[in-house]
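>>> prediction below, plus the sequence it came from.
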Amino acid sequence: MPAEIRAMRDGEQEAFIRSVIVPFLEAGNDDAVAHWAPHLELGRSWLADDRGRVVGNCCVFSRDVTVPGPAGGDCPAVPFAAVSGVGVHPTHRRQGLLRRMMTTMLDDARERGEAFAGLLASESHIYGRFGFGLATSAAAVAIDVRQNAFRHDLHPAPVPIELLEPEEAAKVLPDLHDRLRRRRAGDVSRDDATWSGLIRDLPSYRGGMSARMYAVTDGGFVAYRGKERDSRTGTPGRVEVRDLYAENPEIEAALWRFVLDLDLVDEITAFPRPLDDPIRYRLAEPRGVRTTRIDDFLWIRLLDTPAALTARAYHQPGRLVLDVARLDDRPDPAAGRWVLDAGPDGVSCTQAGPGDATDVRLGLAELGALYLGGVNATTLAAAGRLDEERAGAAAVADRLFATVPGPFSGTGF
């Protein structure tokens, strides 16, 4: 008999977490349980049960994510299904469990009225076949502190910065982060469980570095940890920036200046950072900043195309008829032909009629990639993943979906 996909029952939280440990190869200790347990929601966590043995797992966190807002305004936050903890035990691979779990989660999210889902992919080749498109990427950067001088004409104005103890940060940062993340599309909310885990900062998650420190000002904050230079052994000092949020470029520059001026440090590393982070252009020596990698981050899957496309703003006017293909022979409410008519003054998305000639043909994954404005339609067309039925339609899509600044996701889940 095939394994049953069923909802996790109250009291099975530890069994769920112990199951997650198997495919994700996490340390099977109490820290993993402490990390996962506060996040699990009854009714949004599922187990693959093979005659009483748990052989797979998946869950959804009820979160919201910022989507493109009006030019010069805050980005609205829209509820979405944050998919996490998806794994199948090695004894039960290639038996269709992953597809059944994904179908269960997405159907549940659609019934709850969520217009789209998102995830961070452990393996990037898996989720395109379920309609998820790579919507945001993030850069990891390293800065040589010997080359950290700002250009002579770009010195930031002094900003009062205060170091907060963890218990103080727990009171200040949640509201501050929620306000600051609305500067960009793609940033996911942090609930109480997320902040509790960040502030708790278990030693097993520190990678041999210090506890997290919090430097805060009225319009921004930076969270970092470090390891000091040891001149006796030649071990370089390093600071690792996890969060750096600011309400304007001046405060952002001041927070970077604070970090770059820390003593006993040879290198600053930061991840995740936006692809359009201006820090390189602030420095007198741009080569002092190295991009060490660019990672895929938030993947988006539309569940209700009209609801999703009308939830965001558009800075340029345009009209497109989108032919969104199904993934397979099964019906999908997000697929079909849609007329998107949008601009700064409003947006509508309706089902296309016989007289509406298709402009662009694409898949659900490609529409998810376009949704936040982080990927160009012309790029997807060049990659063979989007077909223009009308000359110039991809360029229209570029202008229509574009957002400035670019989308950024700073919170995992």
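Nice, I can see it.
>>> near L400, how many other residues are there?
L400 has 22 neighbouring residues, counting by other C-beta atoms under 10 Å. Every C-beta, even on glycine, is put in place using the N, C-alpha and C of the backbone.
>>> oh, I was asking about E4
A count of neighbours around E4, defined by other C-beta under 10 Å, yields 12.
>>> mind listing the residues bridging to the closest residue to it other than its chain neighbours?
With sequence-adjacent residues excluded and distances taken as C-beta to C-beta, 6 or more residues apart in numbering, E4 is closest to D49, at 4.7 Å. Residues in a beta bridge with D49, per DSSP bridges, are E4, V54.
>>> show the end-to-end separation of stretch 179-198, please.
Terminal residues of stretch 179-198 lie 18 Å apart, using C-alpha to C-alpha, to the nearest Å.
>>> thought V289 was touching A140?
No - applying C-beta atoms under 8 Å as the test, V289 and A140 come out as separate, 11.2 Å apart.
>>> higher neighbour count, those two?
V289 (22 against 15).
>>> please list all residues in contact with that one.
With contact taken as C-beta atoms under 8 Å, 6 or more residues apart in numbering, V289 is in contact with V141, A142, I143, I279, R280, L283.
>>> look up how far P274 lies from it.
The gap separating V289 from P274 is 13 Å, by C-beta to C-beta, to the nearest Å.
>>> and for L367?
23 Å.
>>> neighbour count: these two, which is higher?
Between L367 and P274, L367 has the larger neighbour count (other C-beta under 10 Å), namely 30 against 20.
>>> isn't that one up against A325?
No - the pair L367 / A325 is not scored as a contact, 9.6 Å apart, by C-beta under 8 Å.
>>> can you list the domains in the protein?
Recorded structural domains for the chain (assignment: automatic domain parsing) are 4-114, 138-294, 304-401.
>>> including mean pLDDT and distance to Y127, could those domains go into CSV?
Formatted as CSV, these follow (pLDDT from 0 to 100; distance: least, C-beta to C-beta, whole Å):
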stretch, mean pLDDT, distance to Y127
domain 4-114, 93, 8
domain 138-294, 94, 17
domain 304-401, 97, 8
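>>> got those as TSV, with distance to F130 columns?
TSV is the format used below for these (distance: least, C-beta to C-beta, whole Å):
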stretch	distance to F130
domain 4-114	5
domain 138-294	19
domain 304-401	7
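>>> what's the closest of these to I126?
domain 4-114 (7.7 Å; C-beta to C-beta).
>>> what's the span of that closest one, first residue to last?
OK, domain 4-114 end separation, C-alpha to C-alpha: 25 Å.
>>> and for stretch 323-337?
4 Å.
>>> now do the contacts for the residue nearest to F150 when sequence neighbours are not counted.
In space, F150 comes closest to R282 once its chain neighbours are excluded; the distance is 5.3 Å by C-beta to C-beta, 6+ apart. Residues in contact with R282, defined by C-beta under 8 Å, 6+ apart, are F150, R151, L154, A253, W256.
>>> next one: the fourth one from Y245, what distance?
Read it as A253. Distance from A253 to Y245, by C-beta to C-beta: 13 Å.
>>> ditto for D49
42 Å.
>>> got it, and N148?
Taking C-beta to C-beta, one finds N148 at 20 Å from Y245.
>>> same check, this time on G208
G208 is 26 Å from Y245, by C-beta to C-beta.
>>> so which of these two has more stuff around it?
Between G208 and Y245, counting by other C-beta under 10 Å, Y245 is the more crowded of the two (22 against 7).
>>> neighbours around the closest residue to the more buried one other than its chain neighbours, how many?
With C-beta to C-beta, 6+ apart as the criterion, Y245 has its nearest non-adjacent residue at 4.1 Å, and that residue is L180. For L180, the neighbour count with other C-beta under 10 Å is 20.
>>> tell me where the stretch 51-200 of the chain has helices.
Counting by DSSP state H, counting those that start in this stretch, the segments of the stretch 51-200 of the chain that form helices are 97-111, 166-180, 192-200.
>>> out of those helices, which is the most enclosed?
The highest mean neighbour count among the helices of the stretch 51-200 of the chain, using mean count of other C-beta atoms under 10 Å, belongs to helix 97-111: a mean of 18.
>>> give me the helices and strands touching it, please.
Other elements packing on helix 97-111 under the criterion 3 or more C-beta pairs under 8 Å, 6 or more residues apart in numbering; DSSP states H and E are strand 4-7, strand 45-50, strand 53-66, strand 77-88, strand 116-119.
>>> deepest-packed of those strands, please.
Of the helices and strands packed on helix 97-111, strand 116-119 is the most buried (mean count of other C-beta under 10 Å), at a mean of 26.
>>> partner strands of that strand, parallel or antiparallel?
Counting by DSSP bridges, the strands paired with strand 116-119 are strand 77-88 (parallel), strand 299-302 (antiparallel).
>>> rebuild these as TSV, extending it with distance to L262.
Converted to TSV, the strands paired with strand 116-119 look like this (distance: least, C-beta to C-beta, whole Å):
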stretch	distance to L262
strand 77-88	33
strand 299-302	35
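>>> any idea how far V65 is from the residue lying farthest from the centre of the chain?
What lies farthest from the middle of the chain is R232; by C-alpha atoms, centre = their mean that is 40.8 Å. Distance, R232 to V65, using C-beta to C-beta: 47 Å.
>>> having no further points to raise, I will conclude here.
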